[in-house]
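Engineer: Quick one: sequence and predicted model below, then my questions.
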Amino acid sequence: MALLEVSHLHKKFGGLHAVNDVSFAVEKGIIKSVIGPNGAGKTTLFNLITGALTATSGQVAFDGQDIQGRKPHQIAACGIARTFQNIKLFHDMTALENVMVGRHLRSRAGFVASMLHMPWTFKEERAIRDKSIALLELLEIAAYADVDAASLAFGQQRAVEFARALALEPTLLLLDEPAAGLNMQETVEIGRLITRIRDLGITVLLVEHDMSLVMDISDEIVVLSFGQKIADDVPTAIQNHSEVIKVYLGA
Amino acid sequence: MKKMLPLAVLLLIVVTVQQITAWSDTRFYLTQLTMAAYYALLIIGLCVVMGYAGQISLGHAGFFAIGGYLSAALTTRNLVAYSGSGFIKALDALGLLVAGQDIYGDALLVVNPWAACIVAVLTAGIIAWMLGIPVLKLKGHYLAMATLGFGIIVYRIVLASAYFGEADGISEVPAFPLIFGLRVSGDFGAREQNYYIAWGLLIIGMVLLRNLIDSRVGRALRSIHGSEEAADSVGVNTARFKLQVFVLSAVFAALAGVFMTHYNGGIGPSEAGVMKSVRYVAIVAVGGMAHLWGALIMGIVLNFLSLRGVFGSYDDAVFGAILIAIMLFAPNGILSLNWRGTLGGLLRLPGRRQDAGRGA
């Protein structure tokens, strides 16, 4: 059974079929990419999977359960983490604090325990902090732990967002254009990072425009055009797929 | 331990101020300092909602009034006429009522202040919960409007209902006996102990909120302010956290209302007024929004000055002006202000002022 199974997913905005009867599966432990021209429905698809939007019809099954219609925080609790196309960090919080929020689901102190500073919360706080620092180290940005996240350079902000998503210990990680705004060197690094994340056992679903990155790291690729799936295959097959070449890759 | 230092300093200042008033025979200042502490209790609660969770509320005078008015009504309204009913008998059997005599020597049966306090605070919390579920789905101006509407409703209700004394409010509210012989009351002889009760309550409130901000819950609240969408994506139940912190702040406001009412021996409709809510928002803004200490200090200073009558009849106008000035010159509060930059800015062309106010 695939980890994520999208079946006959449909989203209508007024008369526009943003996602039109899309079905595909993501097997455990792979990097799967979603590509397509602008307006193909890639981000809408992401928002449907993460619960930011509700589908008009169709199903999203994760680990065997239907998650379509659940709220974003409930979907996160299932083990699905994401990053955003335009980085969304928590301003007025340090890089470390941003990542610490990512540990929210892995800790449990509530209002009363927090206000009374119950002794067991010290231990939990220390665990949250240690794990978050370890993630900043993994992403090589530990030096900026105490810097206000909003004042970091673009690439570093992206790394903080990655660390925050990884702090959930997700089974599935959704990356919405992680290479957008990065230079060639940084793109190569992010590609290496994504393969490293996969090698940690985390399944990755990626939306990306940078074709060299997509072809380089993907195990499988889904191609969307005007809301419809036109191909779903391994990279070498996609590169030679006549319709994909026609609508997207070019000759 | 670093966190405890400012609290220790505050405690020291509180004791020193009391000693100075005793030594210099200016004990009358303690009255306004006591009242200012109760207002500050409301203000630090509001600070967490506004500054940290990013939800504006223009209805907190309403929660203060719900607390104050309910405890006032329950501890003054005579239940002798209903003493035959089973419900009143049951309350009496549970020890929730106190019998006595009114000033004319007639039999008086009222609710025990402890029971009244719990009912008042719980009611405020439940109303905040019910109000919060629909209202906290709104954002920015719409949320401000909705909470403003709630404040106006509370004001009109206390003004219109005979049970709450209409325009006169409720007076003759009895003392509230706490523990160890401490009593919340306005007796001159009890001025010192009431000063310490109020400041003790404020310091406890401050410790609780400081702990909250510095925890998993505090980070979740701040993350909602930062980006609700991103907070959701890491599993923060944003709707529930917003509701919980709103209820918590309403409980702080109601508790302040209960204590203030017993201290003053009464409460009037002006406590429920919309301008009071605006004042609380202005004070949180002056204190720097996401700054509990700023809110506490400004809550004390500005309320003390207002209660001393420094602003005269222009009281509300002064708080309105403060709100405007803060938004223009120091959106991060006056504690974070670059004073040289602002003074320089005031001397420059009007168009430049805002940048100067933010500081370099």
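Structural biologist: Great, that's in hand. Predicted model, so just to flag it, every value in this text is computed and none were measured. Residues are numbered from 1 along each chain as shown, chains lettered A, B, ... in the order given.
Engineer: remind me which residues of the stretch 251-360 of chain B are low pLDDT?
Structural biologist: By pLDDT under 70, the low-scoring segments of the stretch 251-360 of chain B are B:335-360.
Engineer: Taking it, what residue is nearest to chain A?
Structural biologist: B:A290 (6.6 Å; Cβ to the nearest Cβ). All C-beta atoms are positioned from the backbone trio N, CA, C, and that covers glycine.
Engineer: Can you tell me how far that residue is from B:N237?
Structural biologist: Distance of B:A290 to B:N237, given as Cβ to Cβ, to the nearest Å: 21 Å.
Engineer: Run a quick neighbour tally on A:G64.
Structural biologist: The local packing of A:G64 (other Cβ atoms under 10 Å in any protein chain shown) involves 9 other residues.
Engineer: Surely A:E5 is in contact with A:V22?
Structural biologist: No: applying Cβ atoms under 8 Å as the test, A:E5 and A:V22 come out as separate, 11.6 Å apart.
Engineer: between these two, who's got more neighbours?
Structural biologist: More crowded of A:E5 and A:V22, by other Cβ under 10 Å: A:V22, with 24 against 17.
Engineer: Which strand or helix spans A:D216?
Structural biologist: Using DSSP states H and E, the element containing A:D216 is helix A:211-217.
Engineer: Going by contacts, tell me the helices and strands next to that helix.
Structural biologist: strand A:31-35, helix A:184-199, helix A:235-239 (3 or more Cβ pairs under 8 Å, 6 or more residues apart in numbering or on different chains; DSSP states H and E).
Engineer: quick one, what contacts the closest residue to the residue of the stretch 251-360 of chain B closest to chain A other than its chain neighbours?
Structural biologist: Closest residue in space to B:A290, ignoring its immediate chain neighbours: B:G51 at 3.7 Å, by Cβ to Cβ, 6 or more residues apart in numbering or on different chains. Residues touching B:G51, when contacts are defined by Cβ atoms under 8 Å, 6 or more residues apart in numbering or on different chains, comprise B:V284, B:G288, B:M289, B:A290, B:H291, B:L292, B:A295.
Engineer: mind putting the residues you listed in CSV, neighbour count and secondary structure included?
Structural biologist: Output for those, formatted as CSV (neighbours: other Cβ atoms under 10 Å in any protein chain shown; DSSP: H, G, I helix; E, B strand; the rest coil):
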residue, neighbour count, secondary structure
B:V284, 31, helix
B:G288, 24, coil
B:M289, 21, coil
B:A290, 22, coil
B:H291, 20, coil
B:L292, 23, helix
B:A295, 30, helix
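Engineer: Closest one to B:R156 out of those, please.
Structural biologist: Distances from these to B:R156 were compared by Cβ to Cβ; the smallest belongs to B:V284, at 24.9 Å.
Engineer: From A:D148, how far off is that closest one?
Structural biologist: 22 Å.
Engineer: Contact residues of the stretch 201-350 of chain B facing chain A?
Structural biologist: When proximity is defined by Cβ under 8 Å from any Cβ of the partner chain, the stretch 201-350 of chain B lies next to chain A at B:208-209, B:211-212, B:215-220, B:222-223, B:225-227, B:229-238, B:244-245, B:248, B:290.
Engineer: circling back: what are the phi and psi values for the residue nearest to B:A290?
Structural biologist: For B:G51, the backbone dihedrals are phi -70, psi -40 (criterion: degrees, to the nearest 10).
Engineer: now the strands: where do they sit in chain A?
Structural biologist: Listed in chain order, the strands found in chain A under DSSP state E are A:4-13, A:16-26, A:31-35, A:57-62, A:65-66, A:80-82, A:172-176, A:203-207, A:220-225, A:228-233.
Engineer: Determine which stretch of the ones you listed is the most buried.
Structural biologist: Mean neighbours per residue, mean count of other Cβ atoms under 10 Å in any protein chain shown, is largest over these for strand A:80-82, with a mean of 28.
Engineer: related to what we said a few turns ago, out of the residues of the stretch 201-350 of chain B next to chain A, which are inside helices?
Structural biologist: B:208-209, B:211-212, B:216-220, B:222-223, B:225-226, B:229-233, B:238, B:244-245, B:248 (DSSP state H).
Engineer: are any of the residues you listed buried, and which?
Structural biologist: Of all these considered here, the ones buried according to neighbour count by 16 or more other Cβ atoms under 10 Å in any protein chain shown are B:208-209, B:211-212, B:216-220, B:222-223, B:225-226, B:230-233, B:238, B:244-245, B:248.
Engineer: hang on, the earlier thing: redo the contacts of B:G51 as TSV? Include distance to B:Y82.
Structural biologist: Output for these, formatted as TSV (distance: Cβ to Cβ, whole Å):
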residue	distance to B:Y82
B:V284	42
B:G288	50
B:M289	48
B:A290	49
B:H291	49
B:L292	45
B:A295	43
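Engineer: Identify the residues contacting the nearest residue to A:K28 once chain neighbours are set aside.
Structural biologist: The spatial neighbour of A:K28 that comes closest, neighbours along the chain excluded (Cβ to Cβ, 6+ apart), is A:L3 at 4.5 Å. Neighbour list for A:L3: A:V26, A:E27, A:K28, A:F62, A:D63, A:T171, A:L172, A:T203 [criterion: Cβ under 8 Å, 6+ apart].
Engineer: With pLDDT as new columns, can these be given to me in a markdown table?
Structural biologist: As requested, these are exported to a markdown table (pLDDT from 0 to 100):
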| residue | pLDDT |
| --- | --- |
| A:V26 | 96 |
| A:E27 | 95 |
| A:K28 | 95 |
| A:F62 | 95 |
| A:D63 | 93 |
| A:T171 | 96 |
| A:L172 | 96 |
| A:T203 | 96 |
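Engineer: Please name the nearest non-neighbouring residue to residue 159.
Structural biologist: No chain in the question, so chain A it is. Across the structure, with Cβ to Cβ, 6+ apart as the measure, the residue nearest A:A159 apart from its sequence neighbours is A:L139 (4.4 Å).
Engineer: Wait, chain B was what I had in mind.
Structural biologist: Nearest in space to B:L159, with sequence neighbours left out and distances taken as Cβ to Cβ, 6+ apart, is B:P269 at 4.9 Å.
Engineer: Same question for B:I103.
Structural biologist: For B:I103, the nearest residue in space outside its immediate sequence neighbours is B:E172; the separation is 8.0 Å by Cβ to Cβ, 6+ apart.
Engineer: Pretty sure B:M298 sits against B:V281.
Structural biologist: No: taking Cβ under 8 Å as the contact criterion, B:M298 and B:V281 are not neighbours in contact, 11.8 Å apart.
Engineer: So between the two, which is more surrounded?
Structural biologist: A side-by-side neighbour count of B:M298 and B:V281, using other Cβ under 10 Å, places B:M298 first with 26 against 21.
Engineer: Which of the three states applies to the more buried one?
Structural biologist: Under DSSP: H, G, I helix; E, B strand; the rest coil, B:M298 falls in the helix class.
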